[in-house]
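Trainee: pasting the sequence and the predicted coordinates here, then a few questions.
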Amino acid sequence: MAATPQNSATPRRKVSRHRGEGQWAVGHFTPLNGNEQFKKDDDGLNVRTRIETIYSRRGFDSIDPSDLRGRMRWWGLYTQRKPGIDGGKTAILEPEELDDRHFMLRVRIDGGRLTTRQLRVIGEVSQEFARGTADITDRQNVQYHWIRIEDVPEIWNRLEAVGLSTTEACGDTPRVILGSPVAGIAEDEIVDGTPAIEEIHRRVIGNKAYSNLPRKFKTAISGSPLLDVAHEINDVAFVGVVHPEHGPGFDVWVGGGLSTNPKIGQRLGAWVPLDEVPDVHEGVISIFRDYGYRRLRNRARLKFLVADWGVEKFRQVLEGEYLKRKLTDGPAPAQPVERWRDHVGVHRQKDGRYYVGFAPRVGRVDGTTLTKIADLAEAHGSGRVRTTAEQKMIVLDVEQDQIDSLVEGLEALDLRVKPSSFRRGTMACTGIEFCKLAIVETKARGSALIDELERRIPDFDEPLTININGCPNACARIQVADIGLKGQLVLNDNGEQVEGYQVHLGGALGLEAGFGRKVRGLKVTSDELPDYIERVLKRFQAEREDGERFATWAARASEEALS
């Protein structure tokens, strides 16, 4: 056959290969960004040995950059923000310029379940190694700050001696498993998900089959009719329902998540009995590992795959490729009768004793307070405490004659059992104090806002959530709050750039879940925040119909009323 002459009049067509989305299941194994490269180079779980044998002995300067800003997250470690860097520089400076020489360390608390012995150790570690810091997160964890790399092995020893860990508390991993904090004790519980949480933890956490995911993977399991684990915004969630033929079990949801592209999870339409939850969970996380998008990190969460596939295809792949069997169709969960989902207050348990839930200020506590809570729980309960998905805590197993004494002890620590709506409903992320992504302050702002609103509107007693976030990433769930505040720099009346917030109004979780409304051009400076919220809430009080929720009113109110 004659060769085609090089000067042929027919131009050659350039062949280009589609890069794909980095899905392993369709053959896209080439790392497509820096994070995928360092994960390919070495599994994040392997960094522990280097921390224990090299970095903790040689100090911060010995840490390899790919470990420092990558793999160390697999063991719950992030560098915290260097003090004194204002929000205007957050997106300008290089990572090494933002890094402090101290770390945030996250302790994972699956299901929010703690013994008083564990809580006391958490408090002692806080006091000895973390300058007293110990924040309760909205994923039932505890976060320390000011951790030195030299102290990390000893901290691990202390935590692990009482059955706690920081394994995969951060990173592209299966994060903490949210669970109902009153699992196994609530009078109205549909099904206790604790055995499923324990089995999932045994199978998945620390297992290298699941330690290299496209992004983080969030799980929630609850058999409470209060829908108390924010199932709508998790990658996979199991929600307690009663099947008309098969009895109590779980409704399966997939593809929820917030950040800059929020999506509410979707029902698969499948009912799963308790003993099959770990299998279904393993199937879903395997789909994410194999089919998840790895090319662009801003499209790497499971929610994007679910949105592109649709739940029908997702269920088909789950059943056909991973479970090798059909799932049983099932009903949706019932509408919760309670508006609050945090278990704050005094509640009767199914065994006749009581549990007592209380509210710190925006999840901010300290090591000394945690040890005192442990003392109170031992003196008045059985030694069991819980954290909630709303930055709250609960003491379990309290006899009726011990309630008043426990409540008095908690109130003395500024931990409210009967908090105002503002104390109960205000949530805040870490903010610029420690977070390298943040633009504005959050924790102190939220605490001061609570005091100011209690003073200005003392009669306000409607359930209301005010969620404050230091950046657009929505760690504090701003899009699904009644009043969501997204931190950014804004101009004040003098034309000066100051800390402020974009406002989202009328978001909600529950079976009427939806994202808050943004009023065109509405941005509020930090100084104006109390005035603005007072103004809007008084309009709500004046205009609401009987029994109308704030979110419903905000959806129908005029932009003028919301400004």
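Mentor: Done, it's in.
Trainee: any idea how far the residue lying closest to residue 294 once chain neighbours are set aside lies from residue 212?
Mentor: Nearest non-adjacent residue to residue 294, counting by C-beta to C-beta, 6 or more residues apart in numbering: residue 22, 3.0 Å away. C-beta here means a position set from N, CA and C on the backbone, and glycine is covered the same way. Applying C-beta to C-beta, to the nearest Å, the value for residue 22 to residue 212 is 12 Å.
Trainee: same check, this time on residue 483
Mentor: In this view, residue 483 and residue 212 are 38 Å apart by C-beta to C-beta.
Trainee: so which of the two has more stuff around it?
Mentor: Under the neighbour definition other C-beta atoms under 10 Å, residue 483 and residue 212 were set side by side, and residue 483 has more, 27 against 19.
Trainee: with adjacent residues omitted, what lies nearest to residue 185?
Mentor: Excluding the flanking residues, the one nearest residue 185 by C-beta to C-beta, 6+ apart is residue 349, at 4.5 Å.
Trainee: same question, residue 532
Mentor: residue 524 (4.8 Å).
Trainee: need the contact list for that neighbour.
Mentor: Applying C-beta atoms under 8 Å, 6 or more residues apart in numbering to residue 524 gives the contacts 485, 490, 500-501, 503, 532.
Trainee: just the ones of those in strands?
Mentor: Residues of these located in strands (DSSP state E): 485, 490, 500-501, 503.
Trainee: neighbour-wise, which of those residues leads?
Mentor: Counting neighbours by other C-beta under 10 Å, residue 485 leads the ones in strands among the contacts of residue 524 with 30 neighbours.
Trainee: quick check, it in contact with residue 507.
Mentor: No - taking contacts as C-beta atoms under 8 Å, residue 485 lies outside contact range of residue 507: 11.4 Å.
Trainee: any shared contact partners between those two?
Mentor: Overlap of the contact sets of residue 485 and residue 507 (by C-beta under 8 Å, 6+ apart) consists of residue 478.
Trainee: quick one: the helices in the stretch 401-550 of the chain, in order.
Mentor: In the stretch 401-550 of the chain, the helices defined using DSSP state H, counting those that start in this stretch lie at 403-412, 421-425, 443-456, 529-543, 550-556.
Trainee: phi and psi next, for residue 354.
Mentor: Main-chain dihedrals, residue 354, degrees, to the nearest 10: phi -130, psi 150.
Trainee: where's it relative to residue 369, distance?
Mentor: The value you get for residue 354 to residue 369, if C-beta to C-beta is used, is 22 Å.
Trainee: the residue nearest the centre of the chain - nearest residue in space that isn't next to it in sequence?
Mentor: Central residue of the chain (C-alpha atoms, centre = their mean): residue 139, 4.2 Å from the mean position. Nearest non-adjacent residue to residue 139, counting by C-beta to C-beta, 6+ apart: residue 176, 5.5 Å away.
Trainee: what sits against the one you found?
Mentor: Residues near residue 176 by C-beta under 8 Å, 6+ apart: 108-110, 139-141, 169.
Trainee: mind redoing it with 6 Å?
Mentor: Each residue near residue 176 by C-beta atoms under 6 Å, 6 or more residues apart in numbering is listed here: 108, 110, 139, 141.
Trainee: helices - which of these land there?
Mentor: With helices defined by DSSP state H, no entry of the contacts of residue 176 lies inside them.
Trainee: just put the residues you listed in a markdown table and tack on distance to residue 545 and pLDDT.
Mentor: Below are these laid out as a markdown table (distance: C-beta to C-beta, whole Å; pLDDT from 0 to 100):
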| residue | distance to residue 545 | pLDDT |
| --- | --- | --- |
| 108 | 44 | 98 |
| 110 | 42 | 98 |
| 139 | 35 | 97 |
| 141 | 39 | 98 |
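Trainee: now intersect these with the strands, please.
Mentor: Of the contacts of residue 176, none are assigned to strands by DSSP E.
Trainee: could you tell me the end-to-end distance of stretch 52-63?
Mentor: Its start and end residues considered, stretch 52-63 measures 12 Å (C-alpha to C-alpha, to the nearest Å).
Trainee: buried stuff in it?
Mentor: For stretch 52-63, the neighbour count (16 or more other C-beta atoms under 10 Å) marks 55-56, 60, 63 as buried.
Trainee: ditto for stretch 184-195
Mentor: Buried, per 16+ other C-beta under 10 Å, within stretch 184-195: 184-186, 189-195.
Trainee: one more: stretch 286-302?
Mentor: Buried positions in stretch 286-302, judged by neighbour count with 16+ other C-beta under 10 Å: 286-289, 291-295, 297, 299-302.
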